[in-house]
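Peer 1: attaching a predicted model along with its sequence, questions to come.
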Amino acid sequence: MRTPPPVLPAPEQREESRESWLQSQRADAGNTLRLGGSLVLIFAAMLPVGFLLAKLRDIGGVMGIAFAWTFASVLTAATGIFILKVMGAAGATARAITFPTGASVPYEEQFSYQDSLVARGDVDGALASYEAIITDQPSLPLPRLRAAELHARLGRDPERAAELFRSVRDMPAATPRDSLYASNRLIDLYEGPLDDPGRSLVELRRIIEKYPNTQAAVAARDALARLKARLAEGDTA
């Protein structure tokens, strides 16, 4: 029997979800301020290192100051970009239209209803809601990622989590970021609760082939070498 489409929450639940969304926005603002403060501290820590390097290279005077300032600025900027990319990856499942109402509403607000169910301990209710959305709108990758994460993080059903991550990985509508994220989470499951390192090898090779000449491929090659070495040690033990 076909799972019925998701039903919008009652008005009071919508208001609660909206409040949860507003709280998340305030949390994001706080995170931004904390990030700025951290970058200031990083710059302050890197500046003396820059002066030391300038001294070691016999760069003095104004040029030495410029060298130290540039060194600290570049490292701080690189750190900031890295953190933002990590935050962006963590929030890869934070934009979508989930309910078939024809209204275009930010993903955070829509899925805050499911988040509120999880917060109240009703994980089964949240999963049922995600599954209904998946059935009604099978081309959307983001509900699948959210449901898969719940299964994976809470140990509900790692097999179902892997199934959902695989479907996102191969979904034409998935962005490269979501597809790569799904592949990495599959590897986590294969090396963790599913205990299937052979499939981890396959997934790592898939990343290398699908994203050649990228940092993801470089990381996958390193992970592949480590996994092969570990498996070889296990065979000789």
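Peer 2: Cool, the structure landed.
Peer 1: show me the contact partners of stretch 216-230.
Peer 2: Applying Cβ atoms under 8 Å, 6 or more residues apart in numbering, the set of residues contacting stretch 216-230 from outside is 180, 187, 191, 197, 200-201, 204-205, 207-208, 211. C-beta here means a position set from N, CA and C on the backbone, and glycine is covered the same way.
Peer 1: please identify the buried residues of it?
Peer 2: 216-217, 220, 223-224, 227 (16 or more other Cβ atoms under 10 Å).
Peer 1: tell me where this protein is predicted with low confidence.
Peer 2: Filtered on pLDDT under 70, the chain yields the residue ranges 1-35, 37-38, 80, 82-110, 235-237.
Peer 1: residue most distant from the centroid, it?
Peer 2: Residue farthest from the centre of the chain, counting by Cα atoms, centre = their mean, is residue 61 at 44.9 Å.
Peer 1: my guess is residue 178 contacts residue 140. True?
Peer 2: No. Using Cβ atoms under 8 Å, residue 178 is not in contact with residue 140; the gap is 10.6 Å.
Peer 1: what do these two both touch?
Peer 2: Shared contacts of residue 178 and residue 140, counting by Cβ under 8 Å, 6+ apart, come down to nothing at all.
Peer 1: what's near enough to touch residue 58?
Peer 2: Going by Cβ under 8 Å, 6+ apart, residue 58 touches no other residue.
Peer 1: from residue 203, how far off is it?
Peer 2: Residue 58 sits 50 Å away from residue 203, going by Cβ to Cβ, to the nearest Å.
Peer 1: same question, residue 131
Peer 2: Distance from residue 131 to residue 203, by Cβ to Cβ: 24 Å.
Peer 1: out of these two, which sits in the more crowded spot?
Peer 2: More neighbours surround residue 203 than the other of residue 131 and residue 203, with 27 against 17 (other Cβ atoms under 10 Å).
Peer 1: quick one: buried ones out of the contacts of stretch 216-230?
Peer 2: The neighbour-count test (16+ other Cβ under 10 Å) applied to the contacts of stretch 216-230 identifies 180, 187, 191, 197, 200-201, 204, 207-208, 211 as buried.
Peer 1: which among the residues you listed gets closest to residue 161?
Peer 2: Of all these, residue 161 sits closest to residue 187, with 12.4 Å by Cβ to Cβ.
Peer 1: now do the same for that closest one: helix, strand or coil?
Peer 2: Judged by DSSP: H, G, I helix; E, B strand; the rest coil, the three-state class of residue 187 is helix.
Peer 1: quick one: residues contacting it.
Peer 2: Counted by Cβ under 8 Å, 6+ apart, residue 187 has contacts 200, 203-204, 223.
Peer 1: ok, those vs residue 167, which is closest?
Peer 2: residue 203 (14.2 Å).
Peer 1: does that closest one belong to a helix, a strand or coil?
Peer 2: Put simply, residue 203 is helix when judged by three-state DSSP.
Peer 1: does it touch residue 183 like I think?
Peer 2: Yes. At 5.7 Å, residue 203 counts as touching residue 183 under the criterion of Cβ under 8 Å.
Peer 1: can you map out the helices along this structure?
Peer 2: Listed in chain order, the helices of the chain (DSSP state H) span residues 11-56, 61-90, 107-119, 123-136, 141-154, 158-169, 176-191, 197-210, 215-236.
Peer 1: check which residues of the fifth one are buried.
Peer 2: In this case it means helix 141-154. Judged by neighbour count using 16+ other Cβ under 10 Å, the buried positions of helix 141-154 are 141-152.
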